[in-house]
Every structure is written in C-alpha cells, then in structure tokens.
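[1] Prediction below, plus the sequence it came from.
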Amino acid sequence: MSKAALIWIYRDYLRCSGCRRCEIVCSLKHEGKIWPEASRIRVFMLIPGIEVPHLCAQCQDYPCIDACPSGALSANKETGAVIVNKEKCIACGRCIDACPGKVPFIHPAERYAVICDLCNGDPECVKVCGEGGWNALQLVRGSAGYNAKLYAKTPEEITRDLAKVIYGEEMAGRI
C-alpha cells in the first residue's frame, strides 16, 4: 500500500520539555484513564535533558500495514493514519518489526497493536503541547516536502542525533 500522509505530526525535539502531558491526554482519550504505558505517544529520555516524543510517522509506504498477516491494520482514507482493528489483531509483533522507528507496541492489557490514530484528525497531544506553549508537536495537513523517514527512527537514533546537535559530535561520541 502506498499513499502519502494527509495529516501528520511534526516534531521539534529541541522544544520538548519532557512534561509528558501528551502521554497523559492520549491515554485519557483512548483508555479513559491516565495510563502512559498505553499511550499512543511516548516520551523517552535516554540521556538527561534530551526528551524524545515518539509516535507513528505515517510512512507513505505503510510497512506496518503490509507486514500484518491478519489484516488488522489499515489506513484511514481521510487522515492517512494507521487504524488497528483490535478484533483482528493477533499481537504477533510483525508491525513492530516492519516499522523503521519500532513505534507500534502491544497493548499492556488487551494484547493488540497500539499505533497513533491521529485522534481522527484532531490530535489531543498536539493541542495540549500548544496549550503549554512548547509547540514541540504540530499538526501538518498535506504531505508537501514531508519525509517520514526523518521521523521514522528509534528513540535511540533520535537521541544520538540530538546529542550531536546539543553537545557536538565529539561529546556525543562519548555517550
């Protein structure tokens, strides 16, 4: 399946404060309670001072959908977001393996793949980040100039890249 993302979330990692309000509001929206472990966005701090909001990059080629053996994953025609059919998902983890950023994970209680669904085009994480004044997450409509591979990286890869920017190449090599 190949389709350009219609809506996606831009991340300015250097603006992320690590407040984790995005995790809280996401879990409230999708789980009905504060449960960051089940949030569709996760903030990683692998080096103190470097916070990495990690969520689906909405890859144009959808490797997760192609890898799903049960047909549990599809793309929303209006937003381009990956949608998980809980009843069809067998929690095999192939979507995780296929994802260049290793973003999907298995729900901690219900055993299905968890992937950002963009809150049907109105992402709560973006709103709460903007309300806080950080604007580390921003909603973008359309895919002009968008390259999912810039964001479809593991938290470790992103942290390494940020460390180079913040601390310089030589210092980052010591981390």
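    Alright, I've got the coordinates.

[2] C-alpha only now, for contacts and for neighbours.
    Fine.

[3] just how off-centre is the strand or helix carrying residue 46 within its chain?
    For residue 46, the host element (DSSP states H and E) is strand 42-47. Counting by C-alpha atoms, centre = their mean, to the nearest Å, strand 42-47 is centred 13 Å from the centre of its parent chain.

[4] Parallel or antiparallel, which strands does that strand pair with?
    strand 50-54 (antiparallel) (DSSP bridges).

[5] pLDDT (mean, whole number) over the partner strand?
    On average, the pLDDT along strand 50-54 is 96.

[6] quick one: the helix or strand that comes right after it to chain centroid distance?
    Downstream of strand 50-54, the next assigned helix or strand under DSSP H and E is helix 63-67. Remark: helix 63-67 is offset 16 Å from the chain centroid, using C-alpha atoms, centre = their mean.

[7] Next, the angle from the longest helix along the chain to strand 42-47.
    In terms of residue count, the longest helix belonging to the chain (DSSP state H) is helix 155-167. Put simply, helix 155-167 runs at 50 degrees to strand 42-47, going by axes from the mean of the first three to the mean of the last three C-alpha atoms, to 10 degrees.

[8] name the helices or strands packed onto helix 155-167?
    Packing contacts for helix 155-167, counted by 3 or more C-alpha pairs under 8 Å, 6 or more residues apart in numbering; DSSP states H and E, involve strand 42-47, strand 50-54, helix 169-172.

[9] Check what contacts the strand holding residue 46 and list those residues.
    Outside strand 42-47, the residues that touch it by C-alpha atoms under 8 Å, 6 or more residues apart in numbering are 18, 20, 23, 36, 51, 52, 53, 54, 55, 155, 156, 159.

[10] Would you confirm that residue 111 contacts residue 91?
    Yes - judged on C-alpha atoms under 8 Å, residue 111 makes contact with residue 91 at a distance of 5.8 Å.

[11] Between the two, which has more neighbouring residues?
    Taking neighbours as other C-alpha atoms under 10 Å, residue 111 and residue 91 compare with residue 91 leading, 20 against 14.

[12] Skip the chain neighbours and tell me the closest residue to the residue positioned nearest the centre of the chain.
    By C-alpha atoms, centre = their mean, the chain has its centre lying nearest to residue 55, at 0.6 Å. Leaving aside its sequence neighbours, residue 55 sits nearest to residue 41 (C-alpha to C-alpha, 6 or more residues apart in numbering; 4.8 Å).
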